[in-house]
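Q: Fold the following and give me the result.
(chains A and B)
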Amino acid sequence: MSDDQDEIILAELDDEELTLQMHDDLYDGLKEEIEESVHILLGRGWMPYEVLTKALVEGMRIVGIDFRDGILFVPEVLLAANAMKAGMFILKPLLAETGAPRMGRMVIGTVKGDIHDIGKNLVTMMMEGAGFEVKDLGINNPVDNYLEALVAEDADILGMSALLTTTMPYMKVVIDTMIEKGMRDDYVVMVGGAPLNEEFAKAVGADAYCRDAAVAVETAKAFMLKKHNSVSA
Amino acid sequence: MSEKVTKLLKSQGWILADGATGTNLFNMGLEAGEAPEMWNDQHPDRIAALYKSAVDAGSDLFLTNSFGGNASRLKLHNAQKRVFQLNRIAAEIGREVADRTDRTVIVAGSMGPTGEIMLPIGTLSHAGAVEMFHEQAEGLKEGGADVLWVETLSAREEYLAAAEGIALAGMSWCGTMSFDTAGRTMMGLTSRDMVGMVQAIKHRPMAFGANCGVGASDLLRTLLGFAEAEPQLPVIAKGNAGVPKYVDGHIHYDGTPDLMADYAVLARDCGATIIGGCCGTMAEHLTKMRAALENTPMGPKPALDEIVKRIGPFSSEFDGTTEGGPERRERRGRRR
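A: Coordinates of the predicted model:
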């Protein structure tokens, strides 16, 4: 067992070992180790997009599963997301240069009247962790904020959050306005927040209810896949 | 002041706390997005009516309308400079209502979370949090609160900061957390963790427990977790009246007064001695809860399946206090 305590030399691991080690290091929220590993893989000639998907996004997917299953909690997830972000910071300019495919773009915000943001922030971090670009509108958003940002950001997904039973009906106002303006079908609408449920999401006309940040990521990925397939078909 | 709590626990054996604040205020016309604390100043009559409705329904203790009255929350309404004043008024109105009642009624100064995540994961420092809780505590003390009441917390660090801030104001306090994520708090604390944490605090609360969370069933399971850890302090139970449902464009909590009465009796059987409701709990629930507590003899601790049968299902299979729950995955090893 004492050998197991030995320092890991990341640069000595082969590609496969290193990728697995990065999944572990994300799980443990080790930011500096993630940065080092990203540099090593790039130095070995990996495409930035490969580093992103095989090492970082896959690692965060595992974190997401254990968060969903009540094994990891907010502190661990925030640490993992922070480590992921540090890796992403290195990759971002390189991804743009190499013309890597886009994972998807999301506009997110807490609805009008509601000032709670921990859940929304968590979704933002997990979505970024999954490689999505996220425009966070913050708290207390009237319908116009959402609609303007969707257009300005050329977004694929709208995410709305509410923690209060008194504010969640506002989601319907936003969706009804989108229908009125003929833009509802251009976006996937996902909703979440402690008092919501599946029935509510259906009742207000959302595409999906996401019970937590991990589900939000999986749902968004599934929708993006569907979208890509329908475009290429 | 706080001896009232001890005395009443001794003479009556239990204390009936109050129900919802937010749900009731919305029914009185509070708009979503408005800070309820502003009403202390703008509509003191409505706040007095809220307190009185709990007292009239039989509550021995009620919480002041100051849940979001810390600098961090009030800043969202650009009222961070009014912390002391809004808290003082919240307690003053309570003091008046309590003193006009011909039995002992305890005014508990409500203090909710800062809404910030603390260092090292978040940005709020320990000193910053202590200062916020201290400031709020001073306002509630000045207004005449009998005891301070920290509630709906999820982080250990924040609970400890609250204890320190309250110690600086020289007040007694009670403190509850919200167990809403797979039977734990959002930050991952189990019921057993909380007992250990509370008992190691220098300025210990006079009672601790659980409030809000998911539904009454989950809350009872949390109480069993407390009991298992053999706490040396009185236990508080303030559960929601069921879970919110969306019916015809309105939100409605599905816990009936009869269900909450059964919950109150079960909470006592699970070891709680300070019992009340949280979101969705109205005066009619409290009346039935009081009657049930008065007319039902103590029973044995219920088993988990008994709770499910009488109150409803749990939101998760495990709550982190028993063997067999999900565990962290095996790492390749050498880091930790």
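Q: Please list all residues in contact with residue 130.
A: Answering for chain A, as no chain was given. Contacts were defined as Cβ atoms under 8 Å, 6 or more residues apart in numbering or on different chains; by that measure A:A130 touches A:57, A:60-61, A:64, A:103, A:217, A:220-221. Bear in mind the C-beta positions are built from the backbone N, C-alpha and C, glycine included.
Q: if you could check chain B rather than the one you did, that'd help
A: For B:V130, the contacting residues are B:161, B:164-165, B:168, taking Cβ under 8 Å, 6+ apart as the criterion.
Q: Mind checking which of these are in helices?
A: Cross-referencing the contacts of B:V130 with the helices (criterion: DSSP state H) gives B:161, B:164-165, B:168 as the overlap.
Q: can you list the weak-confidence ranges in the chain?
A: Since no chain was named, I'll use chain A. For chain A, applying pLDDT under 70 flags the ranges A:1-6, A:231-233.
Q: Chain B, not that one
A: B:1, B:248-250, B:333-336.
Q: quick one: the strands in it?
A: Taking DSSP state E to define them, one finds strands in chain B at B:15-16, B:61-63, B:106-111, B:147-153, B:173-177, B:207-212, B:235-239, B:244-247, B:250-253, B:272-277.
Q: want to throw those strands into a markdown table with distance to B:R82 and mean neighbour count?
A: As requested, the strands of chain B are arranged in a markdown table below (distance: least, Cβ to Cβ, whole Å; neighbours: other Cβ atoms under 10 Å in any protein chain shown):
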| stretch | distance to B:R82 | mean neighbour count |
| --- | --- | --- |
| strand B:15-16 | 31 | 24 |
| strand B:61-63 | 19 | 29 |
| strand B:106-111 | 16 | 28 |
| strand B:147-153 | 19 | 26 |
| strand B:173-177 | 22 | 27 |
| strand B:207-212 | 25 | 27 |
| strand B:235-239 | 27 | 28 |
| strand B:244-247 | 31 | 18 |
| strand B:250-253 | 29 | 16 |
| strand B:272-277 | 28 | 28 |
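Q: need the ones you listed in a markdown table with distance to chain A, can you?
A: A markdown table is the format used below for those (distance: least, Cβ to the nearest Cβ, whole Å):
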| stretch | distance to chain A |
| --- | --- |
| strand B:15-16 | 25 |
| strand B:61-63 | 18 |
| strand B:106-111 | 17 |
| strand B:147-153 | 11 |
| strand B:173-177 | 13 |
| strand B:207-212 | 10 |
| strand B:235-239 | 15 |
| strand B:244-247 | 4 |
| strand B:250-253 | 4 |
| strand B:272-277 | 15 |
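Q: Those: which one's closest to B:G312?
A: With distances scored as Cβ to Cβ, the stretch of the strands of chain B nearest to B:G312 is strand B:235-239 (11.3 Å).
Q: quick one: contacts for the spatially most central residue of chain A?
A: Central residue of chain A (Cα atoms, centre = their mean): A:M127, 0.5 Å from the mean position. Counting by Cβ under 8 Å, 6+ apart, A:M127 touches A:106, A:108, A:134, A:159, A:213, A:216-217, A:220.
Q: which helix of chain A spans the most residues?
A: For chain A, the helix with the greatest residue count under DSSP H is helix A:74-97.
Q: Just the CA atoms of that helix, as CSV, please.
A: Below are the C-alpha coordinates for helix A:74-97, written out as CSV (Å, rounded to 0.1, in the frame of the first residue of the first chain):
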residue,chain,number,x,y,z
VAL,A,74,-22.1,20.8,-4.2
PRO,A,75,-18.7,21.4,-2.6
GLU,A,76,-17.0,18.6,-4.6
VAL,A,77,-18.8,19.5,-7.8
LEU,A,78,-17.7,23.1,-7.5
LEU,A,79,-14.1,22.1,-7.0
ALA,A,80,-14.3,19.8,-10.0
ALA,A,81,-15.9,22.5,-12.1
ASN,A,82,-13.1,24.9,-11.0
ALA,A,83,-10.4,22.4,-12.1
MET,A,84,-12.3,21.8,-15.4
LYS,A,85,-12.5,25.6,-16.0
ALA,A,86,-8.7,25.9,-15.5
GLY,A,87,-8.1,23.3,-18.2
MET,A,88,-10.7,24.9,-20.4
PHE,A,89,-9.0,28.3,-20.0
ILE,A,90,-5.9,26.8,-21.7
LEU,A,91,-7.9,25.1,-24.4
LYS,A,92,-10.3,27.9,-25.4
PRO,A,93,-8.1,29.9,-27.7
LEU,A,94,-6.7,26.8,-29.3
LEU,A,95,-10.2,25.4,-29.9
ALA,A,96,-11.2,28.5,-31.8
GLU,A,97,-8.0,28.4,-33.9
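Q: Tell me the first helix or strand C-terminal of it.
A: Past helix A:74-97, further along toward the C-terminus, the next helix or strand under DSSP states H and E is strand A:105-110.
Q: Now tell me what touches that next one from outside.
A: By Cβ under 8 Å, 6+ apart, strand A:105-110 touches A:116-117, A:120, A:123-124, A:127, A:132-141, A:145-146, A:149-150, A:153-163, A:220.
Q: From those residues, which land in helices?
A: The subset of these that ends up in helices is A:120, A:123-124, A:127, A:145-146, A:149-150, A:220, with DSSP H as the criterion.
Q: right, and the pair among the residues you listed with maximum separation?
A: With Cβ to Cβ as the measure, no two of these lie farther apart than A:N145 and A:A220, at 20.2 Å.
Q: out of the ones in helices among the contacts of strand A:105-110, which one sits closest to chain B?
A: Checking these against chain B with Cβ to the nearest Cβ, the nearest one is A:K120 at 12.3 Å.
Q: how deep is that closest one tucked in, by neighbour count?
A: Under the neighbour criterion other Cβ atoms under 10 Å in any protein chain shown, A:K120 is assigned a count of 27.
Q: Would you check that it makes contact with A:L163?
A: No - taking contacts as Cβ atoms under 8 Å, A:K120 lies outside contact range of A:L163: 9.1 Å.
Q: hmm, back to that, can you redo the contacts of A:A130 as CSV with neighbour count?
A: Rendered in CSV, the data for the contacts of A:A130 read as follows (neighbours: other Cβ atoms under 10 Å in any protein chain shown):
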residue, neighbour count
A:V57, 20
A:M60, 29
A:R61, 19
A:G64, 23
A:M103, 21
A:V217, 25
A:A220, 26
A:K221, 18
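Q: ok, and which of those residues reach chain B?
A: With Cβ under 8 Å from any Cβ of the partner chain as the criterion, no member of the contacts of A:A130 is in contact with chain B.
Q: Need those residues in TSV (columns: distance to B:S110).
A: Shown next, in TSV, are the contacts of A:A130 (distance: Cβ to Cβ, whole Å):
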residue	distance to B:S110
A:V57	43
A:M60	38
A:R61	40
A:G64	35
A:M103	43
A:V217	36
A:A220	38
A:K221	41
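Q: check contacts around the nearest residue to B:L189 once chain neighbours are set aside.
A: Counting by Cβ to Cβ, 6 or more residues apart in numbering or on different chains, B:L189 lies nearest to B:R156, which is 6.0 Å off, once chain neighbours are set aside. Shown in contact with B:R156 (Cβ under 8 Å, 6+ apart): B:187, B:189, B:193, B:197.
Q: now, which of those residues sits nearest chain A?
A: B:M187 (5.5 Å).
Q: Quick one: residues contacting B:V214.
A: With Cβ under 8 Å, 6+ apart as the criterion, the residues that contact B:V214 are B:179-180, B:240, B:243, B:315.
Q: again, only using 7 Å
A: Residues counted as contacts of B:V214 (Cβ atoms under 7 Å, 6 or more residues apart in numbering or on different chains) are B:180, B:243, B:315.
Q: If anything else comes up later, I'll come back, but that's it for now.
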